[in-house]
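**Q** please find the sequence and the predicted model below.
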Number of protein chains: 2
Amino acid sequence: MLRLGHRPAHDRRISTHLCLTARAFGADRIVFPSVDSSLEATVDDIRERFGGGFSLEEDPEWRPLIREHEGPSIHLTMYGQRHTDALAEIDAGDGMLVIVGAEKVPADVYDLATHNVAVGNQPHSEIAALSTTLLDVLGPDELYAERADAEIVIEPSDRGKDVREVDRGG
Amino acid sequence: MLRLGHRPAHDRRISTHLCLTARAFGADRIVFPSVDSSLEATVDDIRERFGGGFSLEEDPEWRPLIREHEGPSIHLTMYGQRHTDALAEIDAGDGMLVIVGAEKVPADVYDLATHNVAVGNQPHSEIAALSTTLLDVLGPDELYAERADAEIVIEPSDRGKDVREVDRGG
């Protein structure tokens, strides 16, 4: 997925939640036009402990990134089409790019994206919109998939915390 | 829903997203043990412009609130049962209370709640967990329901912004 408009101090916690959400719901990577080193450290730490291959990448050339993407590119906006209509035609196998802006998004993003999608035409949390979109297209299995090289695995539990530390040998 | 552990400066943007998400996905109200006036102003402003009856309330007695709640009380935590198992038994008509903590949640919340539910047993965004839970139990219709007394209605659009201002007479 592509995160636009991140301002390091102001948006750090929201962008952290976007990273956690993208990773948990099954995205492979998140791209920022400019990487925030504090955010990068958080993502590295979580990958180290909880496993999997999720990565945070920097690419200032985000317009070509959208333009050259071969699968559907989905810009999440409260002004878009209803997600229940728009996402029905998306196939996860096509390699989806999800674009999440901050408060102001350059106007041409609406034309660069193949789809403009709203999760509710109401004032929006981009985190809620992202999770809904990924869950809709990828399904819930990604949320519970085993992650390669995890040091910590949390087992589902009705009461309390069931945390398993994995001996990785070596 | 009930929001625990909100710290006014540190958590304001996350709690704002929780309020937007709760409102957009069809919750009636959000309760904080202690109300943050800046958050209250944001919620009032959105209700004024976009309509509906969503409210932010203060109730320091949050343990009795959970204990005396007659329907299911669902504590969202990365340590909980898989949401795909736990939410299947929840009926929206029973009046669900969703409990969302910040980083540290008092241990007795795990016992007070009727259900401890994880949306993925991975490091968590409580905003993504809340939206997934509300969508699972309430369905997508709430997201697109007409809101009473809206001054602004956003129409779904494939390109650009289609905003309708409602003449409320008077």
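**A** Sure thing, it's come through. Residues are numbered from 1 along each chain as shown, chains lettered A, B, ... in the order given.

**Q** tell me which residues are up against whichever helix or strand A:Ile66 is part of.
**A** Following DSSP states H and E, one finds A:Ile66 within helix A:62-67. For helix A:62-67, the surrounding residues in contact (Cβ atoms under 8 Å, 6 or more residues apart in numbering or on different chains) are A:Leu2, A:Leu4, A:Val31, A:Pro33, A:Asp59, A:Ser73, A:Leu97, A:Ile99, A:Asp108, A:Val109, A:Leu112, A:Ala113. C-betas here are computed from N, CA, C, even on glycine.

**Q** now do the contacts for A:Pro72.
**A** With Cβ under 8 Å, 6+ apart, A:Pro72 has these contacts: A:Ile90, A:Asp94, A:Met96, A:Leu97, A:Thr114, A:His115.

**Q** I figured the first one hits A:Val117, correct?
**A** Translated: A:Ile90. No. Counting by Cβ atoms under 8 Å, A:Val117 is not a contact partner of A:Ile90; they are 9.0 Å apart.

**Q** between these two, which one's more packed in?
**A** Counted by other Cβ atoms under 10 Å in any protein chain shown, A:Ile90 and A:Val117 do not tie: A:Val117 has more neighbours, with 28 against 19.

**Q** how is that one assigned, secondary-structure-wise?
**A** strand (DSSP: H, G, I helix; E, B strand; the rest coil).

**Q** longest helix of chain A?
**A** helix A:8-24 (DSSP state H).

**Q** what angle separates that helix from helix B:8-24?
**A** Computed by axes from the mean of the first three to the mean of the last three Cα atoms, to 10 degrees, the angle separating helix A:8-24 from helix B:8-24 equals 50 degrees.

**Q** where are the low-confidence patches of chain A?
**A** A:168-170 (pLDDT under 70).

**Q** residue nearest the centroid of it?
**A** By Cα atoms, centre = their mean, the mean C-alpha position of chain A lies nearest to A:Ala22, the distance being 2.7 Å.

**Q** separation between it and A:Ile46?
**A** 11 Å (Cβ to Cβ, to the nearest Å).

**Q** shared neighbours of these two, which are they?
**A** Common neighbours of A:Ala22 and A:Ile46 (Cβ under 8 Å, 6+ apart) do not exist.

**Q** just among the contacts of A:Pro72, which is most surrounded?
**A** Top of the contacts of A:Pro72 by neighbour number is A:Met96, holding 22 neighbours under the definition other Cβ under 10 Å.

**Q** was I right about that residue contacting A:His75?
**A** No. A:Met96 is beyond contact range of A:His75, at 11.6 Å (criterion: Cβ under 8 Å).

**Q** circling back to that earlier point, which of the contacts of A:Pro72 sits closest to chain B?
**A** For those, the minimum distance to chain B (Cβ to the nearest Cβ) is 7.6 Å, reached by A:His115.

**Q** tell me the bridge partners for the closest one.
**A** Beta bridges link A:His115 to A:Ile74, judged by DSSP bridges.

**Q** gap between it and A:Ser131?
**A** A:His115 is 17 Å from A:Ser131, where distance means Cβ to Cβ.
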